[in-house]
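Enquirer: Show me how the following folds:
(one chain, ligands or ions: 1)
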Amino acid sequence: MSTARLTINLLALANNWRALDAKTNAETAAVVKADAYGLGAGPVSDALAEEGVRTFFVAAAEEGAEVRAAVGASPMIGVFSGHMEGDADLLQAHDLTPMLNSPEQVQRHEQSLPGHAFGIQLDTGMNRLGLERSDWAELRERIEAQNPALIMSHLACADEPDHPMNTYQLRNFRDMTEGVTARRSLAATGGILLGPEYHFDLCRAGVGLYGGMPFAAAKPVVTADLPVIQVRELAEGETVGYGNSWTARRPSRIATVAAGYADGLHRAIGGGIDAFAGGQPCPVVGRISMDLITVDVTDLPEDPERLRILNGHQTVDDLAEAAGTIGYEILTSLGARYSRGYVE
Ligand SMILES: *Cc1c(COP(=O)(O)O)cnc(C)c1O
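Expert: Residues are numbered from 1 along each chain as shown. The predicted structure is shown next:
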């Protein structure tokens, strides 16, 4: 076996959903876009539906088919990108609920799928997706007459609790949705943590389910085990890898491990991360290559067969920090070459 293995703990996933759900009096939906943040939309959605999740979200209609197959007929599956040209068949075949984002999408939906469930996304200041205030004002009556399943918006700065954008968007959302009878949703993981005024009827938890910040109390969901391909002895003064970026300061044993930047271990990781043999951390040294990393295993009593790069001690957010990015990007870039196993 020369490829890395991801182990996804569905019990920890379910636990994180329950913990987030317990923070609100609202329904907690699960965001499973991008193949459930890289962890496998089918098994993840299946486990969450078993746990009691009744609403799922994907980014694009194409992603909805796998989720529908996993969760069965009753949960709602919302599509953030709304109703794009050519989506009607997919939306209908898999009973997906598009979150309409523009007057064009509203019109397209009314024309191609009259009577088919939809939601509305409003722009409250992020300027990314959603109806503008003026379009909403114009269309509101017509839309409300068709009983939208949800009216939602998205926060731009929810991971910074003191950011004035949060209260600004909250005010806009309240203002724009005053008096609507449809269910309302503003919060993702960060918004859940901002407190009850952000919760409305439904919260859309994504990264927190998968063990990522800003949900600091999340249980780690993913471990990644990397096979060791070979171990070699270095004399003091020998160097390792591209650019000779690491030099042995003592006689050393270096393990070459099968995973690299093509597998989501960003090349920007300059050091400061470990690979673990059991509980023992071994520093990753030298540059990250496309398919390989090198690890100083001098202090291990025996050569390891595999090393763990993600665990409860070194999380996706630790790898993200070392790479100058965010946990979301690490999670979603854990590569297609990993085999995946699920613990339930
Ligand atoms: C991705 C996304 C979410 C989930 O966000 P997390 O920060 O991962 O919880 C919720 N709503 C929308 C519109 C999104 O795009």
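Enquirer: which parts of the stretch 101-250 of the chain sit against the ligand?
Expert: 154, 188-190, 204-208 (Cβ under 6 Å from any ligand atom). Quick note: C-beta positions are derived from backbone N, CA and C, even for glycine.
Enquirer: What about the residues you listed, which one has the most neighbours?
Expert: Of all those, the most densely surrounded is A205 (28 neighbours; neighbours counted as other Cβ atoms under 10 Å).
Enquirer: so what's the backbone phi/psi at that one?
Expert: When read as degrees, to the nearest 10, the backbone of A205 gives phi -80, psi 130.
Enquirer: Return the residues in contact with it.
Expert: By Cβ atoms under 8 Å, 6 or more residues apart in numbering, the contact list for A205 reads 17, 20, 28-31, 188-189, 192.
Enquirer: if I pick the closest residue to it other than its chain neighbours, what's in contact with it?
Expert: If the residues on either side of it in the chain are set aside, A205 comes closest to L20, at 4.8 Å by Cβ to Cβ, 6 or more residues apart in numbering. Residues near L20 by Cβ under 8 Å, 6+ apart: 28, 189, 192, 203, 205, 208-209, 215.
Enquirer: Read off the pLDDT value for S153.
Expert: Note on S153: pLDDT of 98.
Enquirer: one step back: which element is the residue nearest to A205 on?
Expert: Under the criterion of DSSP states H and E, L20 resides in helix 10-21.
Enquirer: Could you list the buried residues of that helix?
Expert: 10, 12-17, 19-21 (16 or more other Cβ atoms under 10 Å).
Enquirer: What segments of the stretch 201-344 of the chain are helices?
Expert: 316-323, 327-333 (DSSP state H, counting those that start in this stretch).
Enquirer: what's the answer for the stretch 51-200 of the chain, then?
Expert: 61-71, 88-93, 103-112, 133-144, 164-177, 189-194.
Enquirer: Tell me what angle the fifth one forms with helix 133-144.
Expert: Relative orientation of helix 164-177 versus helix 133-144 (axes from the mean of the first three to the mean of the last three Cα atoms, to 10 degrees): 40 degrees.
Enquirer: and if you look at the first one?
Expert: Orientation check (the same axes, to 10 degrees): helix 61-71 against helix 133-144 gives 40 degrees.
Enquirer: thinking again about what came up before, and the helix holding L20 with the ligand, contact?
Expert: No: using Cβ under 6 Å from any ligand atom, helix 10-21 never reaches the ligand; the gap is at least 8.9 Å.
Enquirer: Please state the mean pLDDT value computed over the helix or strand that that helix is followed by.
Expert: Once the chain leaves helix 10-21, the next helix or strand it forms, by DSSP H and E, is strand 27-31. The average pLDDT within strand 27-31 is 98.
Enquirer: Just after strand 27-31, pick out the following helix or strand.
Expert: That would be, after strand 27-31 and using DSSP H and E, helix 33-37.
Enquirer: Which one of the helices of the stretch 51-200 of the chain lies nearest to V343?
Expert: Closest approach to V343 among the helices of the stretch 51-200 of the chain (Cβ to Cβ): helix 61-71, 17.3 Å.
Enquirer: shaky segments in this protein?
Expert: 1 (pLDDT under 70).
Enquirer: Walk me through the domains of it.
Expert: 9-210, 222-343 (automatic domain parsing).
Enquirer: Export these as CSV, with columns for distance to T3.
Expert: Below are the domains of the chain laid out as CSV (distance: least, Cβ to Cβ, whole Å):
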stretch, distance to T3
domain 9-210, 15
domain 222-343, 5
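Enquirer: Tell me which of those domains sits nearest to S2.
Expert: domain 222-343 (5.2 Å).
Enquirer: how far does the closest one sit from the chain's center?
Expert: 22 Å (Cα atoms, centre = their mean, to the nearest Å).
Enquirer: Excluding residues flanking it in the chain, which one is nearest A29?
Expert: Nearest to A29 is T55, by Cβ to Cβ, 6+ apart, at 3.7 Å.
Enquirer: partners of that neighbour in the sheet?
Expert: M76 (DSSP bridges).
Enquirer: L131 versus that one, what's the distance?
Expert: Separation of T55 from L131 (Cβ to Cβ, to the nearest Å): 21 Å.
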